[in-house]
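> I'd like to go over a predicted model; first the sequence, then the structure.
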Amino acid sequence: MKIHIAGHRGMVGAAILRRLEARRGAGEDLTLITRTHAELDLTSQAAVRDFMQSERPDVVILAAAKVGGIHANNTYPADFIYENLMIECNVIHQAFDAGVRRLLQLGSSCIYPRAVPQPMREDALLTGVLEPTNEPYAVAKIAGIKLCESYNRQHGTDYRSVMPTNLYGPGDNFHPENSHVLPALIRRFHEAAQEGRDEVTIWGSGTPRREFLHVDDMAEASLFVLDLPRDVYAANTQDMLSHINVGSGTDISILELAQMVAEVTGFQGKITTDPSKPDGTMRKLMDVSRLATMGWRARISLREGIEDAYRWYLAQTPGSVRG
Ligand SMILES: NC(=O)C1=CN([C@@H]2O[C@H](COP(=O)(O)OP(=O)(O)OC[C@H]3O[C@@H](n4cnc5c(N)ncnc54)[C@H](OP(=O)(O)O)[C@@H]3O)[C@@H](O)[C@H]2O)C=CC1
Ligand SMILES: C[C@H]1O[C@H](OP(=O)(O)OP(=O)(O)OC[C@H]2O[C@@H](n3cnc4c(=O)[nH]c(N)nc43)[C@H](O)[C@@H]2O)[C@@H](O)[C@@H](O)C1=O
């Protein structure tokens with residue numbers, strides 16, 4: 001079986017690759033095909049066509065995307081909508097043209113309307129107005145789901161979509177402005193503790209609630225969904241092989257999260273908030289009952305996961321951390 005992992009150097013793609021390499025090491029007959037961003041720009045239709053036609057994988061896992069936190073989404077909306085639409089159109093269509101029958105793509109919990117009932121069910125898609133700070137990215141991610149569904153309907157393919165909640169872990173982006181909240185706080189609290197500062201400021205009011213999932217759980221869930229028999233997956237995705245939520249099933253306020261990161265990093269000072277920064281959606285908690293019914297649940301607790309991410313951050317040589 002030839003599997004192409006697009007985005008294998010990203011946080012999620014690398015975690016999926018680690019699991020597949022372990023399976024290959026355990027004797028599964030897998031050929032894993034990867035290209036770096038420099039070797040293959042997925043926004044180039046011609047380059048993706050040449051790649052898919054020459055490699056002709058059996059399965060494609062699409063974990064490449066333009067990704068960032070609330071500030072990056074709000075500051076570079078054109079990059080987020082353009083690059084993500086191009087990557088999805090190129091990878092999904094060129095995979096189809098090259099005869100790929102099975103594909104898994106990663107979306108995001110931001111596809112759901114901002115004021116949707118919590119926890120957010122899969123059928124809440126397209127029932128209301130999106131969160132403005134990440135609407136362009138969300139529109140691209142919704143297009144990704146609809147691309148897969150449409151190829152399935154018209155051509156009988158088996159293209160599945162997983163919708164992860166907020167992710168974190170080894171390989172994350174720790175950029176002070178463009179990253180997601182957890183890596184940003186790990187870095188900020190670590191640096192404050194090292195420098196003996198007595199105050200750390202977090203963005204927004206601290207009251208929004210988010211659900212976090214460790215990337216190793218996400219990688220496991222992705223391969224679990226990919227491996228599900230088609231009839232089982234179809235029965236749980238409204239018979240059209242649509243999208244499925246992946247999360248831990250519990251959420252936490254950003255202030256509580258900051259307190260946990262402070263404990264893990266050894267910061268003992270005061271935590272203040274900066275209301276001039278956006279809160280974004282006030283709550284994002286996935287309804288993960290469909291995936292649970294099919295047999296998958298998250299295993300890594302948030303506290304353990306933060307400790308793991310912090311160990312990974314500390315183990316990097318200075319200057320090698322992304323961001
Ligand atoms: N991180 C999170 O909290 C969440 C992530 N997701 C989704 O999970 C998936 C993986 O995200 P994550 O691993 O966190 O993101 P990363 O930014 O860690 O990884 C994305 C990867 O895609 C590559 N890439 C981006 N643009 C291109 C391109 N034009 N051509 C080739 N490669 C490209 C990047 O390469 P390079 O760095 O060289 O540009 C990078 O290796 C994405 O679909 C994302 O939307 C969903 C919900 C939450
Ligand atoms: C995964 C998800 O990620 C983004 O949506 P988001 O959930 O709003 O992500 P975030 O992690 O950036 O922020 C979460 C909350 O945390 C607060 N916050 C506090 N202090 C910092 C801080 O220092 N950095 C950041 N980034 N946020 C901070 C911040 O103000 C917000 O209230 C979108 O890309 C979206 O498209 C998407 O898919």
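Thanks, I have the structure now. Ligands and ions are numbered 1, 2, ... in the order given.

> Can you measure across stretch 20-36, start residue to end residue?
This stretch, stretch 20-36, spans 17 Å end to end (CA to CA, to the nearest Å).

> Can that stretch be said to contact ligand 1?
No - residues of stretch 20-36 are not located near ligand 1 by CB under 6 Å from any ligand atom, the shortest gap being 6.7 Å. Yep, even glycine has a C-beta here, placed from its N, CA and C like the rest.

> Let me see the residues that make contact with that stretch.
The contact list for stretch 20-36 (CB atoms under 8 Å, 6 or more residues apart in numbering) reads 1-6, 8-9, 17, 51, 55, 57, 223.

> mind checking the longest strand of the protein?
Determined from DSSP state E, the single longest strand within the chain is strand 158-164.

> ok, it: who's next to it in the sheet?
Partners of strand 158-164 in the sheet, by DSSP bridges, are strand 102-106 (parallel), strand 243-246 (parallel).

> Enumerate the positions of the helix-or-strand element of the chain with minimal mean pLDDT that are buried.
The helix or strand of the chain with the lowest confidence, counting by mean pLDDT, DSSP states H and E, is helix 230-235 at a mean of 88. Within helix 230-235, the residues that qualify as buried are 233, 234, counting by 16 or more other CB atoms under 10 Å.

> And for stretch 290-298?
290, 291, 294, 296, 298.

> mind listing which of the contacts of stretch 20-36 are in strands?
Of the contacts of stretch 20-36, the ones assigned to strands by DSSP E are 2, 3, 4, 5, 6.

> Which residue ranges of the protein form helices?
Counting by DSSP state H, the chain has helices at residues 11-25, 45-55, 70-75, 77-97, 135-155, 181-195, 215-227, 230-235, 254-265, 289-294, 302-315.

> okay, those in JSON lines with distance to residue 62 next?
What follows is the helices of the chain, written out as JSON lines (distance: least, CB to CB, whole Å):
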{"stretch": "helix 11-25", "distance to residue 62": "9"}
{"stretch": "helix 45-55", "distance to residue 62": "11"}
{"stretch": "helix 70-75", "distance to residue 62": "19"}
{"stretch": "helix 77-97", "distance to residue 62": "5"}
{"stretch": "helix 135-155", "distance to residue 62": "8"}
{"stretch": "helix 181-195", "distance to residue 62": "22"}
{"stretch": "helix 215-227", "distance to residue 62": "10"}
{"stretch": "helix 230-235", "distance to residue 62": "17"}
{"stretch": "helix 254-265", "distance to residue 62": "29"}
{"stretch": "helix 289-294", "distance to residue 62": "19"}
{"stretch": "helix 302-315", "distance to residue 62": "24"}
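
> Roughly how far does the residue of the stretch 51-200 of the chain found nearest ligand 2 sit from residue 165?
As assessed by CB to the nearest ligand atom, ligand 2 sits closest to residue 69 within the stretch 51-200 of the chain, at 2.8 Å. Going from residue 69 to residue 165 by CB to CB, to the nearest Å gives 14 Å.

> what does residue 42 give?
Applying CB to CB to residue 42 and residue 165 gives a distance of 24 Å.

> near ligand 2, which residues of the stretch 1-150 of the chain?
Residues of the stretch 1-150 of the chain lying close to ligand 2 (CB under 6 Å from any ligand atom) are 68, 69, 70, 71, 73, 108, 110, 134, 137.

> Pretty sure the second one sits against residue 182.
Right, the one you point to is residue 69. No - using CB atoms under 8 Å, residue 69 makes no contact with residue 182, being 9.4 Å away.

> Quick check on those two: which one has the bigger neighbour count.
residue 182 (26 against 22; other CB atoms under 10 Å).

> can you count the residues close to the nearest residue to that one once chain neighbours are set aside?
Closest residue to residue 182 apart from its sequence neighbours, by CB to CB, 6 or more residues apart in numbering: residue 168 at 4.1 Å. Applying other CB under 10 Å, we find 24 other residues in the vicinity of residue 168.

> Residues in a beta bridge with residue 168, which ones?
Beta-bridge partners of residue 168, as defined by DSSP bridges: residue 214.

> Which single residue of the protein approaches ligand 1 most closely?
For the chain, CB to the nearest ligand atom, closest residue to ligand 1: residue 10, 1.9 Å.

> ok, now which ones touch that residue?
63, 64, 65, 67, 171.

> Give me the distance between the third one and residue 91.
The span separating residue 65 from residue 91 equals 10 Å under the rule CB to CB.

> Up against ligand 1, what does the stretch 151-300 of the chain have?
For the stretch 151-300 of the chain, the residues in contact with ligand 1 (CB under 6 Å from any ligand atom) are 164, 166, 167, 173, 180.

> Out of the residues you listed, the closest to residue 283 would be?
Using CB to CB, residue 166 is the member of those that lies nearest residue 283, at 12.0 Å.

> Tell me if I'm right that that closest one and residue 215 touch.
No - between residue 166 and residue 215 there is no contact under CB under 8 Å: 10.9 Å.

> These two: which has the busier surroundings?
Between residue 166 and residue 215, counting by other CB under 10 Å, residue 215 is the more crowded of the two (26 against 20).
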